[in-house]
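> What shape does this take:
(chains A and B)
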There are 2 protein chains.
Amino acid sequence: MKPTSIAVIGASSSPHKVGHMIYKNLLTQGFRGDVYAVNTKGEDILGKKSFKAIGDIPGAVDTAIIVTPAPTVPGVIEECIAKGVETAVIISAGFSETHTDEGKKLEQEIIDAIKSQIINRKSQMSVIGPNCLGILIPRLGLNASFAKDLPKAGSIALISQSGALAVALIDQSLSLGIGYSQIFSIGNKAVMDECDFLEECAADPATKVIGLYLESIKDGWRFLKTAEKISKTKPIVLLKSGISDAGRKAASSHTGALAGSSAAIDAACAQSGIHRAANAEEFLMLLQTLSTQPSLRTNHIAVITNAGGPGILATDATEAAGLTLPSLQPATRNRLFSQLPSSASFANPIDVLGDALCDRYSAALDATGDDAGIDGVVVLLTPQVMTPTEEIARAIVDFHKRLPLMPVIACFMGGPSVAEGQTILMEGGIPYFPTPEAAVHAMATLLPGHNGNGTHEKRGARTRKEKAQKILAKYAGLLDEATTTELFSLYQLPQPKAKIAKTADEAVQIAKDIGFPVIAKISSPQILHKTDVGGVKGNLQNETDVRSAFANILLATSTQHSATINGILIQKHLPPGNEFIIGGLQDPSFGSMVMVGLGGIYTELFKDTVFRIAPINEEEAYRMLTELKSWKLLLGMRGKARSDIDALARAIVAVSELMNECPQIQELDCNPVLVTAQSISVLDAKIVVQS
Amino acid sequence: MKPTSIAVIGASSSPHKVGHMIYKNLLTQGFRGDVYAVNTKGEDILGKKSFKAIGDIPGAVDTAIIVTPAPTVPGVIEECIAKGVETAVIISAGFSETHTDEGKKLEQEIIDAIKSQIINRKSQMSVIGPNCLGILIPRLGLNASFAKDLPKAGSIALISQSGALAVALIDQSLSLGIGYSQIFSIGNKAVMDECDFLEECAADPATKVIGLYLESIKDGWRFLKTAEKISKTKPIVLLKSGISDAGRKAASSHTGALAGSSAAIDAACAQSGIHRAANAEEFLMLLQTLSTQPSLRTNHIAVITNAGGPGILATDATEAAGLTLPSLQPATRNRLFSQLPSSASFANPIDVLGDALCDRYSAALDATGDDAGIDGVVVLLTPQVMTPTEEIARAIVDFHKRLPLMPVIACFMGGPSVAEGQTILMEGGIPYFPTPEAAVHAMATLLPGHNGNGTHEKRGARTRKEKAQKILAKYAGLLDEATTTELFSLYQLPQPKAKIAKTADEAVQIAKDIGFPVIAKISSPQILHKTDVGGVKGNLQNETDVRSAFANILLATSTQHSATINGILIQKHLPPGNEFIIGGLQDPSFGSMVMVGLGGIYTELFKDTVFRIAPINEEEAYRMLTELKSWKLLLGMRGKARSDIDALARAIVAVSELMNECPQIQELDCNPVLVTAQSISVLDAKIVVQS
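Below is the predicted model of the structure:
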């Protein structure tokens, strides 16, 4: 996308109209290509002649900016196609965002126009919007938007689903000196969506880092695969607001209830190596850090400070950020002994003391640069009366130029006294932060992630899928035990020996066949939380226990009038182990998802769960388990044996494949999954099939 | 503290010396009182005569700023006392902070001089420092420090244990327009400590809010009681760095291991109503919010925005902050229907749309102000081309003036385009934040806390204390079961029936006396984690089980060569319930502490624990329980009965009293505490007594 000849369709001579602002922005902010005004009245605008239609423009036009009223836009699009325009940016509003039939119809007409190009095997016109702010390419002086100013040219590409937020971010970037390679406001995403823009930015040599603000994701799986591919070479930072909840129905399973609005996004970020920003401020800070600094080789960093307090605050923050402050090597310390006063601290943080001039900062910087055990530096400064803030800022910039592979991040605390120093840092490509904690946190984002190498693939288990579809074909709603068992054995999900008893005598016979002790559970498609209604009795040691349990369960569940009772399930009672949950659900954007977490009563209390977009492979299943707090439990805490982690990982993979191959399964809970040292076993499961 | 006549002792004519800077600051920044220079050479400084000693000054001197070398300071202090000085501020360094004997001795001499005043019943001279930055009182034009500039006068008092950090905060306040009533750099706290300064600020009518930066707390109990009293009328915000860890020995109990560096501070903040800031930026933001806005009556707020994206981000943040966005009342909505365009959003957030001018913001503000269901407003703005940012800022300021009891917080996103608007907000006393999330978080801090009314008192259970001391007198190290039981029955901490068996026959007899089923546990002062070494066998149903357990435990623990084995404890096996932990420890600053949390294996995994400074009453014990994630477990989840919460609360109180009456108990774990619907029972306990 490198416009050389632009037509503003709907350009206006009235200064308050968007069609005027954009035309003016294109003429006055440094763009060197041709700019034409198209206006039905053919009036002069800003002293320049305009054309009544794009077809009237004599030369070629590669880019059209469309600002005409919504009803005229489909016609304008056809004219643009006829003229051979490569990119059309539709600023006009009044389409699907109005939630009116008229708006939706107009948007569909645009989509259809582009589709017919594809069908006719013509090269396709790129369409941005409608309902967007426009595009900005600072290094070309191109402001094809109604934002007032162009930010600095730089290496960050910004893709924003909100025009208003883009304006605010651009404005704030002016204060922070953050530079952009290109900025796209993507509007309603009628034709080009977030993935197309990601590909666009990936192909742009001027773009080093990509920032994304999204309110919705069109095709989750494509987004995941696109981001995974691109983030290997260009870091992606995502600011996503949590509106996906609206699209999700009230959940009847634990998995569904635990998913929340962020689970799918967090999973996609974890699987594709996207950095997720907590808020708009962090978004800009991370973009600035990732665009100016190299990656951090190990988590070993040094902190240099001229005040104890901020040094302590930075130290406190390192652990939370997954970084460490190793001791300096003896040679480094010895060198510093000769360069700093004896009352300085030669530990890490290095405290150069409040009266430090630039020489002490330089000595400390050089020492950490030469120390083979240190891979990144955070420089803290408080403005004491004698502190030469600007000189120190220049020393940091020089250090960065000399050692471009060592990340440096600064925190100059204060206001007017440090402002000029901050400007020097900014211009020298050193990110700076208002607090030591933020600086340390930013440093941690420079650690390379695993970025989901080969963690998921659509597997071609066609036979299994066909069999599963056959099993599910006749069902809707909550699946009964027998069908669940059939499905689970197809996917090799282990369940304890069990059989349904209709009478107490049958229950005793089944228990004898399976072998005592056994457990008895109500079997009914309507009873979801069996324990809650007294529908489960465990550790039945003999015939008497079984008969008593049979009677008690029937009594307890007799209050569930609307429930169909299939009988009582008699199941092998297994030795104690850890209880986990494996779940699955369908996300409106991302499709099949899989979850694992601590099971039983603690699932709801602690929400110690991890989600992924399905299907995944065993490596990714392991990664999920290590992200749980309960991971230690599996490793064997307090004298207990290590659990059969392999079997658990295999089961997670199996559920992820089941969810992927049978997307009619809306929700799935395997809870509890009993995990012992020797094996795992799904003790109870709930599967809800779309009706 | 209202100086009218100040002597700078150690004033210097050399511009780079601290003694020069302070003298100059006092002469040039608007202070209207008398300022004298004291200099041993008697030379003229800044064109003014100096005195060779403070005694030579003809008139009275109420405040002395001391900048002379450390060894001279004790003598100078004596001279100040002789002169009748009320407050001495010792800037000079070279005292206890050097960790040298000489430095400590000099500091002690200062303390002794003041003590002798007390002994002689003379009115005591206040001493600030040594090793501090000085004091600043902006409304008096008083800058008795070596900080370059005075910030604005205002209603925030700042007390900082780090001079360097105070300088950075003052400097940043200049940019943010934050005003101060007084600023104290408190240095080594030789005489006046944080509590004295808190009292000072509490008594100052110009101070509305107090900001505290602390690295250590001298007397935790006094701090707690002082803060509790003051925070009822003046909010206190604390920025505390986590260095108290250094003072704590390696913990041998769960309670100790879980305490971390922050537990005591968090407990003190919870009990005394202090707001704890996460970092320096939040510290200033909270001070600004609390000093300008009234408290928030309920958690019902409205959000007004001109862009959807930021509105969504604010909505996401409200839940986490404990706030809600109720629907507007019908009358409010109806009024807005006539004032806003139909495509605006009349829900909450109220979206006045991107092309909103000031009238729409004003209409939305007035509507929320009149809506009885709304108690606070967050106003978001993104700078669109047509947005009259300054006019809107003025409208917000006017709204605040008209409705001073309704908190208003703004978030103007952007840079240069919103800078002037931010200045208007700042000067109008409206706090503004860079992100919607930060604005919502700040709003939440305006909710009144409970602020520990009567939650703890030193009880006078002297007889019990004497008995407890007698029981503990002969012990050090890990307490044995018998003594623990004696102590627990004194404090009415319930334990299951149990007795130690030396032989298998004895074990069987005890089991028969107690009644089956029983549990068998190794009894040894050296074995801390009994389960880990195979020292516990549960659910023993009959004689055979008991004999086999007896043999197996002895076999399993035979590897613990250095352990003294007292025998095997045979204990009643109780019905299942929830396992909790109640703990106690001694904190170096705060003394006795009590903890409660989820017990068993999950204690370490989830660290679901709450600490308090001991002793506490039952109300506070309840409050601790409600702060646990496991609170729901006690209320009875998933068909289970409500636990005996009263009994658990009583046990927490009992442990808090035990820890307080027996401070030689270093660490205490009651783990697990079995909590059922009918009762609670301490199944295992560990008490470590100082040796």
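
> For chain A, which residues score under the pLDDT cut-off?
A:242-261, A:450-461, A:638-639 (pLDDT under 70).

> Regarding it, what is its longest helix?
helix A:101-119 (DSSP state H).

> Does anything pack onto it? Which helices or strands?
Here helix A:101-119 touches helix A:73-83, going by 3 or more Cβ pairs under 8 Å, 6 or more residues apart in numbering or on different chains; DSSP states H and E. (Glycine included, C-beta is placed from N, CA and C.)

> which outside residues touch the helix or strand just after the helix it packs on?
For helix A:73-83, the succeeding helix or strand toward the C-terminus, using DSSP states H and E, is strand A:87-90. For strand A:87-90, the external contacting residues (Cβ atoms under 8 Å, 6 or more residues apart in numbering or on different chains) are A:1, A:3, A:62-66, A:73, A:77, A:80, A:110, A:125-132, A:134-135, A:144, A:187, A:190.

> Could you tell me how far the spatially closest residue to residue A:435 that is not a sequence neighbour is located from residue A:482?
Closest residue to residue A:435 apart from its sequence neighbours, by Cβ to Cβ, 6 or more residues apart in numbering or on different chains: residue B:279 at 4.4 Å. Distance, residue B:279 to residue A:482, by Cβ to Cβ, to the nearest Å: 58 Å.

> Mind checking which of the contacts of strand A:87-90 are in helices?
Using DSSP H, those in helices are A:73, A:77, A:80, A:110.

> shouldn't the last one be in contact with residue A:190?
Looking back up the chat, that one is residue A:110. Yes - contact criterion Cβ atoms under 8 Å: residue A:110 and residue A:190 qualify, at 5.5 Å.

> For residue A:176, the count of nearby residues, please.
Neighbours of residue A:176 under the rule other Cβ atoms under 10 Å in any protein chain shown: 18.

> Which residues are in contact with the residue nearest to residue A:435?
Counting by Cβ under 8 Å, 6+ apart, the residues that residue B:279 touches are A:313, A:435, A:436, A:437, A:438, B:239.

> Counting neighbours, what do you get for the second one?
Just to be clear, that refers to residue A:435. Residue A:435 has 21 neighbours, counted by other Cβ under 10 Å.

> go on, the fourth one?
Counted with other Cβ under 10 Å, the neighbours of residue A:437 add up to 23.

> do the first one as well
By the other Cβ under 10 Å criterion, the neighbourhood of residue A:313 contains 30 residues.

> For residue A:433, see how far away it is.
For residue A:313, the distance to residue A:433 equals 12 Å [Cβ to Cβ].

> Nearest to the spatial middle of chain A, which residue is it?
The centroid of chain A falls nearest to residue A:269 when counting by Cα atoms, centre = their mean (3.3 Å).

> Residue numbers of the stretch 251-400 of chain A in contact with chain B?
When proximity is defined as Cβ under 8 Å from any Cβ of the partner chain, the stretch 251-400 of chain A approaches chain B at A:261, A:278-281, A:306-310, A:312-313, A:316, A:343, A:354, A:382-386.

> out of these, which are inside helices?
Secondary structure assignment (DSSP H) places A:280, A:281, A:308, A:309, A:310, A:312, A:313, A:316 from these within helices.

> thinking the first one is in contact with residue A:168, fair?
So the one you mean is residue A:280. Yes - Residue A:280 is within contact range of residue A:168, at 7.5 Å (criterion: Cβ under 8 Å).

> where do the contact lists of these two overlap?
Residues touching both residue A:280 and residue A:168 by Cβ under 8 Å, 6+ apart: B:310, B:413.

> more neighbours, those two?
residue A:168 (30 against 24).

> Now do the contacts for the more buried one.
A:280, B:307, B:310, B:382, B:383, B:413, B:414.

> For PyMOL, write the selection for the buried entries among the residues of the stretch 251-400 of chain A next to chain B.
Selecting the buried subset of these in PyMOL, with 16 or more other Cβ atoms under 10 Å in any protein chain shown as the burial test, is done by:
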select buried, chain A and resi 261+279+280+281+306+307+308+309+310+312+313+316+354+382+383+384
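
> host element of residue A:15?
Assessed by DSSP H and E, residue A:15 sits outside every helix and strand.

> residues in contact with it?
Contacts of residue A:15 (Cβ under 8 Å, 6+ apart): residue A:21.

> Quick check: it vs residue B:385, distance?
Distance from residue A:15 to residue B:385, by Cβ to Cβ: 11 Å.

> Need the overlap of contacts for the two.
Shared contacts of residue A:15 and residue B:385, defined by Cβ under 8 Å, 6+ apart, are found at residue A:21.

> unless I'm mixing things up, residue A:62 is touching residue A:4, no?
Yes - contact status for residue A:62 versus residue A:4: in contact at 5.9 Å, counting by Cβ under 8 Å.

> Which of these two has more residues huddled nearby?
Neighbour count, other Cβ under 10 Å: between residue A:62 and residue A:4, residue A:62 has more, with 18 against 13.

> Phi first, then psi, for the nearest residue to that one once chain neighbours are set aside.
What sits nearest to residue A:62 in space, not counting adjacent residues and going by Cβ to Cβ, 6+ apart, is residue A:86, at 4.7 Å. As for residue A:86, its main-chain torsions (degrees, to the nearest 10) stand at phi -90, psi -40.

> Would you mind confirming that residue A:326 is in contact with residue A:374?
Yes - in this structure, residue A:326 is within contact of residue A:374 by Cβ under 8 Å, at 7.2 Å.

> Contact partners for residue A:52?
Taking Cβ under 8 Å, 6+ apart, we find residue A:52 in contact with A:38, A:39, A:40, A:41, A:42.

> can you list those in CSV and add neighbour count, secondary structure and distance to chain B?
Below are the contacts of residue A:52 laid out as CSV (neighbours: other Cβ atoms under 10 Å in any protein chain shown; DSSP: H, G, I helix; E, B strand; the rest coil; distance: Cβ to the nearest Cβ, whole Å):
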residue, neighbour count, secondary structure, distance to chain B
A:38, 28, strand, 21
A:39, 22, coil, 20
A:40, 13, coil, 23
A:41, 10, coil, 23
A:42, 13, coil, 26
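
> So of these, which two are at opposite extremes in space?
For the contacts of residue A:52, the farthest-apart pair by Cβ to Cβ is A:38 and A:41; their separation is 10.6 Å.

> in the helix or strand hosting residue A:513, what counts as buried?
In the assignment (DSSP H and E), residue A:513 maps to helix A:504-514. Under the neighbour-count criterion of 16+ other Cβ under 10 Å, helix A:504-514 has A:504, A:506, A:507, A:508, A:509, A:510, A:511, A:514 buried.

> What is the nearest of the residues you listed to residue A:579?
residue A:514 (20.8 Å).

> show me what contacts that closest one?
By Cβ under 8 Å, 6+ apart, the contact list for residue A:514 reads A:497, A:498, A:499, A:570, A:571, A:572.

> Buried ones among those residues?
With burial judged by 16+ other Cβ under 10 Å, the buried subset of these is A:498, A:499, A:570, A:571, A:572.

> Just those: which are in strands?
Counting by DSSP state E, those place A:498, A:499, A:570, A:571, A:572 in strands.

> on that earlier part again, now for residue A:110 and residue A:190: what residues contact both?
Shared contacts of residue A:110 and residue A:190, counting by Cβ under 8 Å, 6+ apart, come down to A:90, A:95, A:127, A:130.

> count of residues packed around residue A:398?
13.

> Angles on the backbone of residue A:208, please.
phi -110, psi -30.

> What residues does it make contact with?
Taking Cβ under 8 Å, 6+ apart, we find residue A:208 in contact with A:155, A:156, A:181, A:234, A:290, A:291.

> Ok, residue A:24 next?
Contact analysis of residue A:24 by Cβ under 8 Å, 6+ apart lists residue A:46.
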